[in-house]
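Student: Sharing a model that was predicted from the sequence below.
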Amino acid sequence: MKKRWLTLCIALCGCLMLNGQSYTAMPWCTLSHDAHSMAMGGISSLFTPFGMAASNNPAKLLFSEDKKMGFHAAWQQYKPTNNHYLQASGSFTHGIMGYGLSYIGGFGPELTFTDNGGNIINTLRNNNHIINASVGVRLLPIFSIGVNGKYLFETGPEGKRQLFAGDFFGMLDIQGFRASVGLRNLSSSLSYGDIEYKLPLSLVGGLGYKKDWEKVGMEIGAEYESFLVNKENKLWNPRIGGGIAVNFYKVLSLRAGYNWGGNTPIPSYTSLGVGINIKFLRIDASYRLNTDRLAGDMLNIQLGIMF
């Protein structure tokens with residue numbers, strides 16, 4: 001009981017940090033790297049796999065179809081910056097507690113810097129990295145909360161920049177009906193000149209339904225997320241995503257969705273995906289057809305083991 005209330009107090013204290021938001025840093029941290037939820041319009045707070053919950057919604061650690069341990073590895077192509085993202089993550093539960101750990105690395109193309117005479121001065125790559133550590137607690141049979149702490153750093157021509165941040169989530173599951181609500185990217189800050197930058201703080205909420213019959217199953221849901229872009233003027237930019245998945249014999253899953261990105265760091269896209277489950281092995285893939293043709297279409301593939 002003490003563990004439950006301690007975690008709840010930490011989450012409530014996080015809400016008080018809302019006033020700390022300033023200018024946006026590291027907008028790449030808004031990317032989801034889960035092929036399952038990306039194929040359904042990016043609704044990562046509802047249907048992210050057990051092994052990837054540390055990166056998307058730590059409260060879901062306790063709603064994972066009786067799985068006790070899971071590991072995932074993923075690759076994602078991100079064309080706006082020509083980066084390739086790699087992810088490795090793992091989760092496990094014990095009683096009313098769930099734990100998760102993940103690493104995400106984004107590796108950009110090699111950049112060459114020359115002087116006025118064309119002589120090469122230096123070569124480097126823009127790299128982005130996130131380390132997540134999560135804890136989830138089941139407060140009630142139908143309700144859990146989760147806390148995610150993360151360390152982010154990036155390297156580039158300006159050197160290394162780093163931030164610490166946290167996510168706070170609650171999740172409700174009543175006979176397949178799901179609801180999630182959370183805060184993402186409550187962060188420390190870094191400064192350029194006289195300007196303070198923080199991660200793109202966002203509020204997120206989702207509603208969905210998951211049901212498996214004898215031969216066919218279904219997942220359907222929608223998610224709303226709003227990013228704080230200007231604290232002084234209380235300006236929030238929203239995005240809305242939704243999607244559906246149809247599962248056949250608990251082996252094959254076909255998915256589709258749409259995400260309207262608006263003016264957020266996440267572009268608008270139509271998504272398609274497929275999933276294959278063979279005993280404890282899980283393979284997922286998603287393909288995003290971006291509305292912004294400058295961004296280009298993007299592919300995401302992941303492999304999971306859950307038991």
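Tutor: Nice, I can see it. Residues are numbered from 1 along each chain as shown.

Student: switch to C-alpha atoms for all contacts and neighbour counts from now on
Tutor: Fine.

Student: What helix or strand is residue 72 located in?
Tutor: strand 69-78 (DSSP states H and E).

Student: Give me the distance from that strand to the chain's centre.
Tutor: With Cα atoms, centre = their mean, to the nearest Å as the basis, strand 69-78 stands 11 Å off its chain's centre.

Student: Stretch 210-223 now?
Tutor: Using Cα atoms, centre = their mean, the offset of stretch 210-223 from its chain centre is 21 Å.

Student: Would you mind measuring the gap between the ends of it?
Tutor: Start and end residues of stretch 210-223 are separated by 15 Å (Cα to Cα, to the nearest Å).

Student: buried stuff in it?
Tutor: Neighbour-count burial for stretch 210-223 flags 210, 217-223 (criterion: 16 or more other Cα atoms under 10 Å).

Student: Can you tell me which of the residues you listed is nearest residue 180?
Tutor: residue 223 (8.8 Å; Cα to Cα).

Student: Assess the claim that that closest one and residue 241 are in contact.
Tutor: Yes - counting by Cα atoms under 8 Å, residue 241 is a contact partner of residue 223 at 5.2 Å.

Student: And the buried residues of stretch 210-223, which two are furthest apart?
Tutor: Largest separation among those by Cα to Cα: 217 and 223, giving 20.4 Å.

Student: can you list residues touching both of residue 223 and residue 241?
Tutor: Common contacts of residue 223 and residue 241 (Cα atoms under 8 Å, 6 or more residues apart in numbering): 42-43.

Student: how about the helices in the stretch 1-150 of the chain?
Tutor: Counting by DSSP state H, counting those that start in this stretch, the stretch 1-150 of the chain has helices at residues 2-15, 35-38, 44-47, 53-56.

Student: if we can go back for a sec, among the buried residues of stretch 210-223, which ones are in strands?
Tutor: 210, 217-223 (DSSP state E).

Student: Relative to residue 246, how far out is the residue lying closest to residue 137 once chain neighbours are set aside?
Tutor: Nearest in space to residue 137, with sequence neighbours left out and distances taken as Cα to Cα, 6 or more residues apart in numbering, is residue 97 at 4.8 Å. Distance, residue 97 to residue 246, by Cα to Cα: 30 Å.

Student: do residue 214 as well
Tutor: Distance from residue 214 to residue 246, by Cα to Cα: 13 Å.

Student: shared neighbours of these two, anything?
Tutor: With contacts taken as Cα under 8 Å, 6+ apart, residue 214 and residue 246 have no neighbour in common.

Student: Burial check on residue 175, number of neighbours?
Tutor: Using other Cα atoms under 10 Å, residue 175 has 10 other residues around it.

Student: Could you report the pLDDT at it?
Tutor: The model reports residue 175 with a pLDDT of 92.

Student: Got phi/psi on it?
Tutor: In terms of degrees, to the nearest 10, the main-chain angles of residue 175 are phi 50, psi 40.

Student: Give me the average confidence score over stretch 186-196.
Tutor: Mean pLDDT, stretch 186-196: 83.
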